[in-house]
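Peer 1: turn this into a structure:
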Amino acid sequence: MHVYLPIAEMPVNVLVFLGLGAAVGFLSGLFGVGGGFLLTPLLIFLGIPPAVAVGTGAAHIVASSVSGAFTQYQRNNVDFKMGVVMMAGGLAGTLIGVEVVRLLRKAGQFDLALYLIYVTFLGVIGSLMMIESLNAWRKIKAGSAGRTRKSGQHSWVDGLPLKMRFHRSKLYISAVPPAVIGMFIGFLAAIMGIGGGFVMIPAMIYLLRMPASVVVGTSLFQIVFVAAFAVLLHAVQNRTVDIVLALLLISGGVLGAQFGALSGEKLRGEQMRILLAGLVLIVAVRMAVDLVVTPEELFSFSGVQGGR
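Peer 2: Alright, predicted model coming up:
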């Protein structure tokens with residue numbers, strides 16, 4: 001069964017994209033990430049133009065994050081005040097990111113820039129996450145948990161202005177670091193089509209020292225609004241949001257996120273981080289291969305159409 005995508009300008013198999021949406025939604029609920037770091041490359045691998053993959057992938061992130069965030073809210077795992085501060089920065093970062101996408105598409109360099117950003121960024125983040133996760137796993141296997149990072153312990157963060165009290169996270173810190181983190185995540189959401197949870201979650205744990213119990217829920221909460229804003233801007237300014245494709249991905253993603261949230265309860269924290277790091281590295285390697293392998297078609301006019 002096939003359907004035609006009006007913005008991507010191509011027919012696709014309905015079952016393939018429903019399954020893709022469900023798989024990425026499952027990861028969203030399991031790891032507390034939007035899943036865009038995996039969805040955007042997979043869409044590109046399946047032939048979707050990169051700009052459309054970024055804009056439409058963000059729409060899927062909204063739906064899957066809503067489902068996951070609601071589940072976390074029911075468990076009282078969301079720090080709304082922290083989420084709002086991060087969201088404010090995220091909206092500003094999204095504005096900047098969408099404008100950068102517009103300029104790169106105008107110059108005809110967006111596809112190359114997207115691949116280079118993915119390979120570099122995911123390679124570095126995935127490697128760091130894998131090293132940290134394996135070290136934590138070894139310590140637990142050896143019966144030594146190491147020094148525990150406690151919420152409320154800070155260094156240079158204490159000296160920053162605009163301090164706020166975040167009761168759910170039991171923190172009294174400056175609002176500047178959460179806002180800056182949110183701005184960076186918003187920029188990534190716009191230019192890469194990702195929710196940024198795989199960056200935000202480590203930052204919330206190791207930089208802000210938030211309790212692990214509220215990190216996933218708070219991350220999903222702010223991702224909902226930042227990704228929705230990115231979708232709106234991409235649709236209006238860049239016209240790269242394919243509604244038909246988005247509906248296919250969302251239909252599978254909402255269901256997948258619920259199963260992911262339930263499965264996450266059965267895995268230990270270090271196990272989840274190792275799995276997530278592995279996925280990030282696999283995607284980075286796959287995109288790196290595409291950068292150096294000679295394509296089957298050396299000449300294509302698709303980039304000209306995508307730059308409208």
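Peer 1: distance of S219 relative to I194?
Peer 2: Distance from S219 to I194, counting by CB to CB, to the nearest Å: 12 Å. C-betas here are computed from N, CA, C, even on glycine.
Peer 1: strands of the chain, residue ranges please.
Peer 2: Taking DSSP state E as the criterion, the chain contains strands spanning 2-5, 10-13, 163-166, 171-174.
Peer 1: low-confidence stretches in the stretch 201-308 of the chain?
Peer 2: For the stretch 201-308 of the chain, the stretches with pLDDT under 70 are 257-258, 260-273, 294-308.
Peer 1: A246: which of the strands of the chain is closest?
Peer 2: Across the strands of the chain, A246 has its closest neighbour in strand 2-5 (9.8 Å, CB to CB).
Peer 1: centre of the chain to that closest one, how far?
Peer 2: Centroid displacement of strand 2-5 relative to its chain, using CA atoms, centre = their mean, to the nearest Å, is 26 Å.
Peer 1: mind listing what's buried along that strand?
Peer 2: Within strand 2-5, the residues that count as buried by 16 or more other CB atoms under 10 Å are L5.
Peer 1: stretch 129-145 too?
Peer 2: By neighbour count on 16+ other CB under 10 Å, the buried set for stretch 129-145 is M129, M130, E132, S133, A136, W137.
Peer 1: on that earlier part again, same list, the strands of the chain, but as TSV with mean pLDDT please.
Peer 2: As requested, the strands of the chain are exported to TSV (pLDDT from 0 to 100):
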stretch	mean pLDDT
strand 2-5	89
strand 10-13	90
strand 163-166	85
strand 171-174	84
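Peer 1: separation between the nearest residue to A227 once chain neighbours are set aside and I131?
Peer 2: Spatial nearest neighbour of A227, excluding adjacent residues (CB to CB, 6 or more residues apart in numbering): I61 at 4.3 Å. Going from I61 to I131 by CB to CB gives 27 Å.
Peer 1: for G252, which non-adjacent residue is spatially closest?
Peer 2: G252 sits nearest to G21 (CB to CB, 6+ apart), 3.1 Å away.
Peer 1: find me the pLDDT at that neighbour, would you?
Peer 2: For G21, the model assigns a pLDDT of 83.
Peer 1: check contacts around it.
Peer 2: Contact partners of G21, counting by CB atoms under 8 Å, 6 or more residues apart in numbering, are H60, S64, L248, L249, I250, S251, G252, G253, G256.
Peer 1: of those, which is the most crowded?
Peer 2: Using other CB atoms under 10 Å as the neighbour test, the contacts of G21 are led by S64, with 38 neighbours.
Peer 1: does that one touch G25 like I think?
Peer 2: Yes - using CB atoms under 8 Å, S64 is in contact with G25, at 4.3 Å.
Peer 1: how about the backbone phi and psi for the residue nearest to the spatial centre of the chain?
Peer 2: Residue closest to the mean C-alpha point of the chain, counted by CA atoms, centre = their mean, is G195 at 2.6 Å. Per-residue torsions, G195: phi -80, psi -20 (degrees, to the nearest 10).
Peer 1: touching, it and I223? I think so.
Peer 2: Yes - here G195 reaches I223: they are 4.2 Å apart, a contact under CB under 8 Å.
Peer 1: report how many residues lie close to the closest residue to L248 other than its chain neighbours.
Peer 2: Once flanking residues are discounted, L248 sits nearest to F17: 4.2 Å by CB to CB, 6+ apart. Other residues within reach of F17, judged by other CB under 10 Å, total 24.
Peer 1: next: L15.
Peer 2: Neighbour count of L15, defined by other CB under 10 Å: 12.
Peer 1: I'm done for today, thanks for sticking with me.
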